[in-house]
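[1] What would the 3D arrangement of this be:
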Amino acid sequence: MKKRHLILAAAGLIIFITIAALLMVLNAPPHVSTDLSDAAGSEPVSVVFEKGQAVTFLAEELAQKKLIRSSEFFKLYVKVSGKDSKLKAGSYRISRGLSAVQIARLFVDGKVHTIRITIPEGYTSRQIADMLEREGITDAREFLEAANSPELLKEIGIPSQSAEGFLFPDTYMLSENTPAQEIVRLLSANFFEKLKKVIGNTGIDGKDLLDKIILASIVEREYRKAEDAGKIARVFLNRLKIGMPLQSCATIVYILTERMGKPHPEKIFFSDLEIKDPYNTYRNRELPPGPISNPGLTSLNAVFNPPENDYLYFRLSEDGSGSHVFSRSFDEHIQNGISVKGY
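    This next block holds a predicted model:
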């Protein structure tokens, strides 16, 4: 019996020593070790923990980047402490001075590294994609593929062949290496939330919604001052009503830059107005097949709640204020001066 007690005591001591050693290793920052003396530094280290990834891969990456002393001890700790099922996926920036316990807590709390990004009103999907790639958030090509995925568009409820027009321009906090589809879902969800502020809970069928977003995307690229947006929207609606071409220079810029891949033009030439393209609203009398930008609240309000007027023409004022001059007839438009605008 005495021998059994001695064995149990010895076993308990071994367990105590093992736990103590484990806690010492886990709570000590890795660069204290002479073997890891080259790991000291002030710059945080990026670590990506993907959804569904095993803790083993995370532990090995942490050890490889010299953020922890032992991958085995780290795996043992998160297993014993019950944290292995609580680690949250995402992109993290980890300081080298943290202990393994502190690092594990970061993943449990989901304190991912986020980047503040502001998408300007009127940006196209391509421009958004380029911005996201520059910031290290997602690959531009993958974002565009997601924005044109029939399956994803159906899931989100976008009544178009592209998410163009439904990616709401706003300020977002995004983490590095975020999946492209997740970003498309986020931006489009924000769009539909903002749309509720414009139309309330009023139902709208897919075709009518798409037509309005197409028009809002054109208004977005036409107006300079917010007070003119509604008037411009009504001009276009008046033209559509009588079968008159929209004659929007913004659609010509879209053709040149987005469909033909050319640099943004300093000015539009009359030859540009003759380009054969479904988005050319000088040649075609109806709305283009899809949005040409991603409109903000001002343009959405302008199209869904346009003021009444009988204007058919508008042009930029020459006083440099950014305001527009509106006309009811072509003769009046001529008197006000005709210009082909560049954007």
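[2] ok, now which ones touch the most centrally placed residue in the chain?
    In the chain, the residue lying closest to the centroid (CA atoms, centre = their mean) is I183, at 5.0 Å. Each residue near I183 by CB atoms under 8 Å, 6 or more residues apart in numbering is listed here: L132, I137, T138, F143, A146, L174. The way it works is simple: take the backbone N, C-alpha and C, and place the C-beta from them, glycine included.
[3] Return the subset of these lying in helices.
    Of the contacts of I183, the ones assigned to helices by DSSP state H are L132, F143, A146.
[4] ok, those vs G52, which is closest?
    A146 (18.9 Å; CB to CB).
[5] Which pLDDT value does the model give that closest one?
    In this model, A146 is scored at 98, pLDDT.
[6] Now do F314 against R283, distance only.
    20 Å (CB to CB, to the nearest Å).
[7] who's more crowded, these two?
    F314 (20 against 14; other CB atoms under 10 Å).
[8] Let's see the host helix or strand of that one as PDB, backbone CA atoms only.
    Element membership of F314, judged by DSSP states H and E, is strand 313-316. The C-alpha trace of strand 313-316 is given here as PDB (Å, rounded to 0.1, in the frame of the first residue of the first chain):
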ATOM      1  CA  TYR A 313     -31.000  68.900 -71.200                       C
ATOM      2  CA  PHE A 314     -28.300  69.900 -68.800                       C
ATOM      3  CA  ARG A 315     -24.700  71.000 -68.900                       C
ATOM      4  CA  LEU A 316     -22.000  72.000 -66.500                       C
END
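[9] Indicate each strand paired with the helix or strand following it and its parallel or antiparallel sense.
    As assigned by DSSP H and E, the chain's next helix or strand after strand 313-316 is strand 324-327. For strand 324-327, the pairing partners within the sheet under DSSP bridges are strand 313-316 (antiparallel).
[10] now the partner strand: mean pLDDT?
    Per-residue scores along strand 313-316 average to 88.
[11] Centre of the chain to it, how far?
    Distance of strand 313-316 from the chain centroid (CA atoms, centre = their mean, to the nearest Å) equals 33 Å.
[12] Pull up the gap between F192 and L186, please.
    11 Å.
[13] The two: who's more crowded?
    L186 (16 against 13).
[14] Now the residue nearest to the centre of the chain: which helix or strand?
    Residue-wise, I183 maps onto helix 180-199 under DSSP H and E.
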